[in-house]
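Trainee: here are the coordinates; sequence isn't available:
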């Protein structure tokens, strides 16, 4: 009985965390239309233990898609293993990477995102790898959540970026 209660509490905690984050990041508003001509988007994704620079870069090989690139900036324990997932407020999610080793300044190629992915899964979750649970049931102390950068986001003239137009 105690185990079922703990599992229920973990699910509730993760659902509350994702919903709270999504509401605070989006201010309960719909995502704006993004500039399809933008070459890339940029955001910083910070958590208690990990910090990342996140890019969506127009794919050179697949027209109309974007590659998701994650650059670890600070990792409290180099060698931590994480999962990369995109999600939405309705508990929908798409796991991009099941397991990846995190090291500062070691680029992570998280995969290709379609326009539908960018519209349907606005939240990027980088969480500690846990093979025993699905994403919506995780209770991870080590995690970073942010909005997936849309093409054109975070691009300011004179701003130093890892990728350039």
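Mentor: The structure has been received and is ready for your questions. Note that the coordinates shown come from a computational prediction; the quantities given were computed from them, not determined experimentally.
Trainee: what residue ranges in the protein score low on pLDDT?
Mentor: 1-38, 132-140, 156-165 (pLDDT under 70).
Trainee: quick one, strands of it?
Mentor: Assigned by DSSP state E, the strands in the chain fall at 40-46, 50-58, 66-75, 81-87, 93-101, 108-113, 123-128, 143-147.
Trainee: Make a markdown table from those and add mean neighbour count and distance to residue 153 to it.
Mentor: Any C-beta I mention is one placed from the backbone N, CA and C, and that applies to glycine too. As requested, the strands of the chain are exported to a markdown table (neighbours: other Cβ atoms under 10 Å; distance: least, Cβ to Cβ, whole Å):
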| stretch | mean neighbour count | distance to residue 153 |
| --- | --- | --- |
| strand 40-46 | 19 | 4 |
| strand 50-58 | 22 | 8 |
| strand 66-75 | 20 | 11 |
| strand 81-87 | 22 | 15 |
| strand 93-101 | 16 | 18 |
| strand 108-113 | 18 | 13 |
| strand 123-128 | 23 | 12 |
| strand 143-147 | 20 | 8 |
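Trainee: can I get these in CSV with distance to residue 154?
Mentor: Shown next, in CSV, are the strands of the chain (distance: least, Cβ to Cβ, whole Å):
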stretch, distance to residue 154
strand 40-46, 4
strand 50-58, 9
strand 66-75, 13
strand 81-87, 17
strand 93-101, 20
strand 108-113, 16
strand 123-128, 13
strand 143-147, 10
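Trainee: which stretch among the ones you listed comes nearest residue 155?
Mentor: strand 40-46 (6.2 Å; Cβ to Cβ).
Trainee: That closest one - contacts with which helices or strands?
Mentor: Counting contacts by 3 or more Cβ pairs under 8 Å, 6 or more residues apart in numbering; DSSP states H and E, strand 40-46 packs against strand 50-58, strand 66-75, strand 143-147.
Trainee: tilt between the last one and strand 81-87?
Mentor: With axes from the mean of the first three to the mean of the last three Cα atoms, to 10 degrees as the criterion, the two stretches strand 143-147 and strand 81-87 enclose an angle of 30 degrees.
Trainee: need the contact list for residue 148.
Mentor: Each residue near residue 148 by Cβ atoms under 8 Å, 6 or more residues apart in numbering is listed here: 43, 54, 56, 68, 86, 113, 118, 121, 122, 123, 124.
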